[in-house]
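Q: Okay, here's the prediction I keep looking at, along with the sequence it came from:
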Protein chains: 2
Amino acid sequence: MSEFSSCSPSPSLDLPEAADIFTAAERLTGLVHCTPLIYSSTLNESLGAEIYFKCEHLQKVGAFKARGAANALFSLPPGTTVVATHSSGNHGAALAWAAAQRDLRCTVVMPENAPQAKKNAVAAYGADIVLCAPTLAARASTLTQVVKETGAHEVPPFDDPRIIAGQGTVAQEVIGQCRALGFAPDLLVAPVGGGGLLAGVGLAVSALAPQIKVLGAEPAGADDAHRSFRGGVRVTEQTPHTIADGLRTTLGERNFAVIRETVNDIVTVSEQGIVQALSLLWGRTKQLVEPSAATGLAAVLEHSGRFRGKRVVVVLTGGNMDLAAVANMMTTDN
Amino acid sequence: MSEFSSCSPSPSLDLPEAADIFTAAERLTGLVHCTPLIYSSTLNESLGAEIYFKCEHLQKVGAFKARGAANALFSLPPGTTVVATHSSGNHGAALAWAAAQRDLRCTVVMPENAPQAKKNAVAAYGADIVLCAPTLAARASTLTQVVKETGAHEVPPFDDPRIIAGQGTVAQEVIGQCRALGFAPDLLVAPVGGGGLLAGVGLAVSALAPQIKVLGAEPAGADDAHRSFRGGVRVTEQTPHTIADGLRTTLGERNFAVIRETVNDIVTVSEQGIVQALSLLWGRTKQLVEPSAATGLAAVLEHSGRFRGKRVVVVLTGGNMDLAAVANMMTTDN
């Protein structure tokens, strides 16, 4: 089921600029980790490429989402006391964590069927959880109700200039780290779901090191961003089928507007490719990343011609999952 | 089933000295990684202690064993062309890897029932595998036969001064890394199986920073080192029952001699404690370590009074395991 938006973004759209990323990077200093770049000699030999992994699964709250959430909350004007969002994934935990850093009250609307681990994480950071039916409509209406009752400031998960700018600090950091190691990468690969990370990365690279190609990696079973990019019009509805649970969301409007201007291409990967990449990451790098985070390496495996002989940075986006679900996935798929 | 050796080690025992560790550290420069120290704020808050993990699962071949094997092979006199050992675990892969670094031929005697992943690792480093029946007697007699036929130099997995000195470089590195971070740890915790790592760590610490307490951590289901240490005589036989497959071996003679002089205590941990520690390591640090590697954190969990308010370095010994076995363990035990 697909539906197309108009060809051009609304002229009034508040898009982030590269300078917003530099401001975000200053704002985030001391709040988030500068995560390491790692590599595996064995993996590189077998792939015929030089792959560096940017370890955002080692970020605060175990995902790059901490950057956007903290950038949004630490740029709020004084006087804000309550924030809210709806989330079944890492954004809820990231907002709860960021709110605790700024002594704000936080409410996260979560679907009843959200994994217990995600609920526990949000609660552990001190946020209030309001459960709702597991539909997007119920999530939106429940959040509207929460905002009405509490006067909370709403922070969306990706379609927001502060979020995009925050996630863009990943790329600014990568460029600096590579420079310190004495090289510039040929390619930078980031998974794409709602497009907060990919838009931020594209924007940062186009301003700081435009010779680096930026590639989005998306599961074929949730390929709205790929179709939007190739078709030139944003696909706004899809029925996703992928184990990469963080990438089931649909590309945001602002995200699409930035991505089409700053990203070189978006490629799709198979479910089998994601599981193979996940096994390689666990086995070779010993990093317990979540399925969504394996999508970038899956792109290197399934589109190897684009990467052979190249220096590539792949963003590992997060490491949060139910271990039982993971165990089940490995026994089912391998 | 237990059997006791005589009270004192043989007077002719060739024991390593602290200087051998310093020599090993120079020899290993550029061959093995200086692995990172990592920590989790969330974990530290919940434990009421400052725990740093020494990441030897990120070492070459995915285990600290690379250090001892490389130290042994790179200290061999010129003219040696063939080396051999028997192993069902990380030592075989480590020796195969080290032999490849020095262009030596290597044969590893492995029990038929060794995990396919271990066999693959040994083969991938270019060593010859000779399979034998899954008993210690068959392993020893097969190795004797291999040595007789090929003239190979035999490298034991732990009861060897070169191996102990090589593993001791872990502690020398830790002390230097902590100093660079501006502190000295109160305690250093290492798992104990055959005792190569614990003896090396004890020796290094007693020479370089004797104020640091060194603690061995051992599964209660394979507690020969604990009983040897407490009783003052080496227990040479046991029937181990533990998921920590790297710690099922019995303490070596040289290892016991060094450990009783340089280590402060050896504590035991339950199987439940090991699984709990493994879950915490996977969940909090996102590091895919093997069960043996979780034994140190299990000691912190089950003997918390010894660690509260302290700065502690825990060695994560390795990260090699069959993912399917891991999956099975998580679904069975949690």
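A: Perfect, thanks for sending it.

Q: Where does the stretch 151-300 of chain A get nearest to chain B, which residue?
A: A:K286 (4.0 Å; CB to the nearest CB). Bear in mind the C-beta positions are built from the backbone N, C-alpha and C, glycine included.

Q: Show me the helices in the stretch 1-150 of chain A, by range?
A: Taking DSSP state H, counting those that start in this stretch, the helices of the stretch 1-150 of chain A run over residues A:18-28, A:41-47, A:65-73, A:90-101, A:116-124, A:136-150.

Q: relative to helix A:116-124, how tilted is the fourth one?
A: Regarding helix A:90-101 and helix A:116-124, their directions subtend 20 degrees when assessed with axes from the mean of the first three to the mean of the last three CA atoms, to 10 degrees.

Q: Please apply the same query to the longest one.
A: Interaxial angle of helix A:136-150 relative to helix A:116-124 (the same axes, to 10 degrees): 10 degrees.

Q: Toward the C-terminus, what is the element adjacent to helix A:136-150?
A: Downstream of helix A:136-150, the next assigned helix or strand under DSSP states H and E is strand A:153-154.

Q: Past that next one, which element shows up next along the chain?
A: With DSSP H and E, the next secondary element past strand A:153-154 is helix A:161-180.

Q: what lines up beside the next helix or strand after that following helix in the sheet?
A: Downstream of helix A:161-180, the next assigned helix or strand under DSSP H and E is strand A:187-191. Neighbouring strands of strand A:187-191 in its sheet, by DSSP bridges, are strand A:213-219 (parallel), strand A:311-316 (parallel).

Q: before we move on, the earlier item: now for the closest residue to the residue of the stretch 151-300 of chain A closest to chain B other than its chain neighbours: which residues touch it?
A: Computed as CB to CB, 6 or more residues apart in numbering or on different chains, the closest residue to A:K286 that is not its neighbour in sequence is B:G319, at 4.0 Å. Neighbour list for B:G319: A:286, B:57-58, B:62-63, B:287-290, B:293 [criterion: CB atoms under 8 Å, 6 or more residues apart in numbering or on different chains].

Q: Of those, which is the nearest to B:P185?
A: Nearest to B:P185 among those, counting by CB to CB, is B:A293 at 18.2 Å.

Q: list the contacts for the closest one?
A: So B:A293 contacts B:56-57, B:191, B:246, B:281, B:315-319 (CB under 8 Å, 6+ apart).

Q: taking these as a set, which two sit the farthest apart in space?
A: Within those, B:G246 and B:L281 form the most distant pair, 14.9 Å apart (CB to CB).

Q: And the residue of the stretch 1-150 of chain A found nearest chain B, how far from A:G89?
A: Proximity to chain B, evaluated over the stretch 1-150 of chain A using CB to the nearest CB, is greatest for A:H57 at 5.0 Å. Going from A:H57 to A:G89 by CB to CB, to the nearest Å gives 14 Å.

Q: residues shared between the contacts of those two?
A: In contact with both A:H57 and A:G89: A:N320, using CB under 8 Å, 6+ apart.

Q: any idea which helix or strand carries the most centrally placed residue in chain A?
A: The residue lying closest to the centre of chain A (CA atoms, centre = their mean) is A:L197, at 4.6 Å. For A:L197, the host element (DSSP H and E) is helix A:196-208.

Q: ok now that helix, how far from the chain's centre?
A: 12 Å (CA atoms, centre = their mean, to the nearest Å).

Q: With stretch A:188-206 instead?
A: Stretch A:188-206 sits 8 Å away from the centroid of its parent chain (CA atoms, centre = their mean).

Q: Repeat that for stretch A:21-31.
A: Computed by CA atoms, centre = their mean, the chain-centroid distance of stretch A:21-31 equals 18 Å.

Q: And for A:F22, nearest residue in space, chain neighbours not counted?
A: Spatial nearest neighbour of A:F22, excluding adjacent residues (CB to CB, 6+ apart): A:Q172 at 7.2 Å.
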